[in-house]
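Novice: Sequence plus the predicted model coming up.
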Amino acid sequence: MFLPENIDLAYSERYNLSIRLSPNGFSFCIYCPGDPSIFHFQETGLSGKLSYIDNIKKLIFDLGFFSQTFNQVTVTVVSPFYTLVPEAYFEKKRIEELFRFNFHETNGVILTDSTLENDLRTLFNVDEEVHSFLSRNLWNPTFHHHSSILTRLFISHRGDETGKCCFADFHDKYVTIVCFSGNRLLSTNTFLATDPHDATYFIASVWEKLTFDQSTDRLFLSGNIDSQRATIDLLKKLIRRVEQVELSPKVVLTEEQKRTLPTDILAALCV
């Protein structure tokens, strides 16, 4: 496999490895926290002839270096199956009960991720075989949900906003919508949105249910915006204050990478 010449995996402990699991894809990036010039991202589609777990096993074994000792290894799970629980009501022994309350037919191991300075827990599921395999074959990995990463990013971009604001991130044929009133999180949802009218409908519905003002409240957009021009044109007809989230990653990226890399990956590169 091709890696840039400035990445020497004989010294893998210098680098961070980040793996991203989406419903129909597998991607990873390698970067060095101490050297912004070192960054590599690679995305791979999954074979329709293999199961999801067999695809992942094949990729891990074929590429061969994932089990090395990296400085940090993270796995980001992208899915619409998650629920938020306030820390005050969270009990580890009830984690499955809390998750199954919203998702009755979803299988797998239930994991947690923190949101908003540990005020909330994100509960999400991962295929049990996938989780077990990656836990065995990666160096001390931590698992995160894409919505938690986005929420932490958006709360920092909300700044001193005192009114209501909404963030919509386009990714993996989904739109993740995160809404705030001042510094209070109102809602987080991820919807399948393969049609411009789908995304517009979901965003408009959230605004209506949360009584957002189309003239004064703000809508921030991020993610794969280039593929969503029809959606954005529709939204601008409905909402007066539509803006784009501007990110400043601490690694050197091409303009194409800045436009096309998933926002949850860019968020990790901004820390």
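Specialist: Ah, there it is. None of the values given here were measured: they were computed from a predicted structure. Residues are numbered from 1 along each chain as shown.
Novice: for the helix or strand encompassing His144, packing partners?
Specialist: Here His144 sits within strand 142-145, counting by DSSP states H and E. Under the contact definition 3 or more C-beta pairs under 8 Å, 6 or more residues apart in numbering; DSSP states H and E, strand 142-145 sits against strand 72-77, strand 109-115, strand 120-126. Every residue, glycine included, has its C-beta placed from N, CA and C.
Novice: and it, which strands flank it?
Specialist: Here strand 142-145 is paired, per DSSP bridges, with strand 72-77 (parallel).
Novice: average pLDDT for the strand it pairs with?
Specialist: The predicted model assigns strand 72-77 a mean pLDDT of 98.
Novice: likewise stretch 56-63?
Specialist: Mean per-residue pLDDT for stretch 56-63: 93.
Novice: ok, residues contacting it?
Specialist: Applying C-beta atoms under 8 Å, 6 or more residues apart in numbering, the set of residues contacting stretch 56-63 from outside is 1, 21, 26, 44, 47, 50, 66-67, 130, 133-134, 137.
Novice: from these, which ones fall inside helices?
Specialist: 130, 133-134, 137 (DSSP state H).
Novice: coming back round to it: relative orientation of the helix or strand just after the strand holding His144 and strand 120-126 in degrees?
Specialist: Next helix or strand after strand 142-145 toward the C-terminus (DSSP H and E): helix 146-158. Helix 146-158 and strand 120-126 meet at an angle of 150 degrees, taking axes from the mean of the first three to the mean of the last three C-alpha atoms, to 10 degrees as the criterion.
Novice: helices or strands up against helix 146-158?
Specialist: Packed next to helix 146-158, using 3+ C-beta pairs under 8 Å, 6+ apart, are strand 72-77, strand 109-115, strand 120-126, strand 164-171, strand 174-181, strand 184-192, helix 263-270.
Novice: Take the fourth one, keep the C-alpha atoms, and write them as PDB.
Specialist: This file holds the C-alpha atoms of strand 164-171, laid out as PDB (Å, rounded to 0.1, in the frame of the first residue of the first chain):
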ATOM      1  CA  LYS A 164     -31.100  29.500  18.700                       C
ATOM      2  CA  CYS A 165     -28.800  28.000  16.100                       C
ATOM      3  CA  CYS A 166     -28.800  24.900  14.100                       C
ATOM      4  CA  PHE A 167     -25.900  22.900  12.500                       C
ATOM      5  CA  ALA A 168     -26.500  20.600   9.600                       C
ATOM      6  CA  ASP A 169     -23.600  18.300   8.500                       C
ATOM      7  CA  PHE A 170     -23.900  16.400   5.200                       C
ATOM      8  CA  HIS A 171     -22.100  13.100   5.200                       C
END
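Novice: Okay then, goodbye and thanks.
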